[in-house]
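Engineer: task: produce atomic coordinates for the following.
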Amino acid sequence: MNRRILVVEDSRTQAKALHALLVRHGYEVDLVESGDEALRRARAVRFGLILSDILMPGMSGYELCRRIKDDPDAFGTPPVVLLTSLGDPVDIVRGLESGADNYLTKPYEPGRLISRIEQILGDHAARREQTSEGGVALRFLGESFTIRARREQILDFFLSSYEELIETNRALEESKQTLHRTLAREQAARHAAEAATAARDRVLATVTHDLRNPLNTILMSAALILDQEDSDLDPRVRGRIDVIRKLTHQMNRLIQDLLDVATAEGGRLALRPAPQDTAALVREGLEMLEPIAAERGIRIVLRVPEGLPRISVDRSRILQVVSNLVGNAIKFTPAGGTVTMAARIEDGAIVYTVSDTGPGIAPEDLPRIFDRFWKSHKSGDSGRTGAGLGLSIARDVVEAHGGRIWAESESGKGAAFHFSIPIVQAGQPA
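Structural biologist: Predicted structure coming up:
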């Protein structure tokens, strides 16, 4: 048996891989990159098998096979095997038309490729019939072909196709089983995550209850002491009690923030929407923060035009958003600065903007400012408090209303936060 093989492959990477595989199994291999080069080599050397790619620059694998089969005196009668991805069933018929003995699909599975070559060489050694004269004319998928292959070649082709079909079906079955296993793991992970979330919520609810009771007691006690104007309490002690009161408020706010985050993550952020007066809602949100701004020497400006349409929102939740955004702006604006709250109509929604004259936000921080528990340490006062949840909660609330929230800033030129809320009925004045 002639074990010398000519590989015709224009891809050097694939040619080297084939060469290494065939040599490892005891074959002598010649490599060429084109049909013309293959014809020259096949005239000079008698090969036991020719493996040819179909799609190559210049001469195709079909044409190469046809020329070899047409001139047995020049090339002998080596079996020609076409290398194809079989993207089209016409590939098989074209291969038969050109007189090819078989085909191999890309990518190659090494064991099956070697088995196929051994089978082809063994069959060829047992068959010495010549190609039938004239061929058989047929039409396939609207194209005309003249099949020059022998019956044995045709049988080999279709047995190979059946083998490929079985292998493809096996691969699909393996993929299906892998998919089932992946889905089962994902379902188990989801159940575990849901159980962990439920456990976290139970712990959070218990801790919240146990924390809030003593905090409220501390807050009430501090307020009672401070309300006694006629007491002879030392001013320094009074100042420290006031600090206790403020810190207790902050602790209560942190507890509420943690509850809001847990609720949002669990997809249970409940809303009680009702039509609201746009301007009145904004004014109410600012009134709660004006004393804080005044204490820090910061001016608050309201720019809301008359006649804005009403919005359907959960009033307390939107006030929470306004409080978070304006409170942040006050926190990062130096004394003598300005915080502006504005509103406008844009694309069927009311767009609110909170801008400040603070130091701004570094460009690298902008993509992260709405992340949970994230706080920048590059700007603003270093003594700020909180857990980095305010902007994250604002995003959850706005998105639950069908709106969106975003930020714009140039470092050193202040920051602007925008959020949109869909209008109830366009044109219905407040």
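
Engineer: could you list the low-pLDDT ranges of the stretch 251-400 of the chain?
Structural biologist: 253-254, 256-269, 373-388 (pLDDT under 70).

Engineer: OK, contacts around Phe47?
Structural biologist: Each residue near Phe47 by CB atoms under 8 Å, 6 or more residues apart in numbering is listed here: Asn2, Arg4, Ile5, Leu6, Asp30, Gly76, Pro78. Placement of C-beta: from N, CA and C, glycine included.

Engineer: in a strand, that's where the fifth one is, yeah?
Structural biologist: It refers to Asp30. Yes - counting by DSSP: H, G, I helix; E, B strand; the rest coil, Asp30 falls inside a strand.

Engineer: quick check: beta-bridge partners of it?
Structural biologist: Beta-bridge partners recorded for Asp30 (DSSP bridges): Leu6.

Engineer: so it sits against Gly48, correct?
Structural biologist: No - at 11.2 Å, Asp30 does not count as touching Gly48 under the criterion of CB atoms under 8 Å.

Engineer: higher neighbour count, the two?
Structural biologist: Set Asp30 next to Gly48 and count neighbours by other CB atoms under 10 Å: Gly48 wins out with 20 against 17.

Engineer: touching, the more buried one and Pro78? I think so.
Structural biologist: Yes - in this structure Gly48 lies within contact range of Pro78 using CB under 8 Å: 6.2 Å.

Engineer: can you pull the residues that touch both of those two?
Structural biologist: Common neighbours of Gly48 and Pro78 (CB under 8 Å, 6+ apart) are Asn2.

Engineer: Val398: how many residues sit nearby?
Structural biologist: 22.

Engineer: ignore the last one, Ala196
Structural biologist: Ala196 has 10 nearby residues by other CB under 10 Å.

Engineer: could you say which helix or strand contains it?
Structural biologist: helix 151-227 (DSSP states H and E).

Engineer: any idea of the mean pLDDT in that helix?
Structural biologist: Average pLDDT, helix 151-227: 72.

Engineer: how about stretch 24-32?
Structural biologist: Mean predicted lDDT for stretch 24-32 stands at 93.

Engineer: pull out the buried residues from it.
Structural biologist: Residues Tyr27, Val29, Asp30, Leu31, Val32 are the ones in stretch 24-32 that count as buried (16 or more other CB atoms under 10 Å).

Engineer: which of those lies closest to Glu408?
Structural biologist: Leu31 (60.4 Å; CB to CB).

Engineer: dump the residue contacts of that closest one.
Structural biologist: Val7, Glu9, Ala15, Lys16, His19.

Engineer: now the residues you listed in TSV, with secondary structure and neighbour count?
Structural biologist: Supplementary listing: those in TSV, determined by DSSP: H, G, I helix; E, B strand; the rest coil; neighbours: other CB atoms under 10 Å:
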residue	secondary structure	neighbour count
Val7	strand	24
Glu9	coil	23
Ala15	helix	19
Lys16	helix	13
His19	helix	17
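
Engineer: and which of those is nearest Ile244?
Structural biologist: Lys16 (77.7 Å).

Engineer: ok, the closest one - contacts?
Structural biologist: Leu31.

Engineer: separation between it and Gly26?
Structural biologist: 18 Å (CB to CB, to the nearest Å).

Engineer: ok, Gly360 touching Gly412?
Structural biologist: Yes - look at Gly360 against Gly412 with CB under 8 Å: they come within range, at 5.4 Å.

Engineer: A helix includes Ile350, no?
Structural biologist: No - read with three-state DSSP, Ile350 is strand and lies in no helix.

Engineer: contacting residues for it?
Structural biologist: Thr278, Leu308, Pro309, Ile311, Ala343, Arg344, Ser420, Ile421, Ile423 are the contacts of Ile350 under CB under 8 Å, 6+ apart.

Engineer: which of those residues count as buried?
Structural biologist: Thr278, Leu308, Pro309, Ile311, Ala343, Ser420, Ile421, Ile423.

Engineer: now render those as TSV, adding secondary structure and distance to Arg317.
Structural biologist: As requested, those are exported to TSV (DSSP: H, G, I helix; E, B strand; the rest coil; distance: CB to CB, whole Å):
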residue	secondary structure	distance to Arg317
Thr278	helix	15
Leu308	coil	19
Pro309	strand	19
Ile311	strand	12
Ala343	strand	17
Ser420	strand	15
Ile421	strand	11
Ile423	strand	17
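
Engineer: adding distance to Arg41, write those out as JSON lines.
Structural biologist: Shown next, in JSON lines, are those (distance: CB to CB, whole Å):
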{"residue": "Thr278", "distance to Arg41": "83"}
{"residue": "Leu308", "distance to Arg41": "83"}
{"residue": "Pro309", "distance to Arg41": "81"}
{"residue": "Ile311", "distance to Arg41": "80"}
{"residue": "Ala343", "distance to Arg41": "80"}
{"residue": "Ser420", "distance to Arg41": "71"}
{"residue": "Ile421", "distance to Arg41": "76"}
{"residue": "Ile423", "distance to Arg41": "77"}
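
Engineer: ok, the residues you listed vs Ala42, which is closest?
Structural biologist: For those, the nearest to Ala42 is Ser420 (72.2 Å; CB to CB).

Engineer: so what's the closest one bridging to?
Structural biologist: Val351.

Engineer: pretty sure it contacts Ala349?
Structural biologist: Yes - using CB under 8 Å, Ser420 makes contact with Ala349 at a distance of 4.2 Å.

Engineer: joint contacts of the two?
Structural biologist: Gly403.

Engineer: more neighbours: Gly360 and Gly412, which one.
Structural biologist: Gly360 (21 against 10).

Engineer: from Ser411, how far out is the more buried one?
Structural biologist: Distance from Gly360 to Ser411, by CB to CB: 5 Å.
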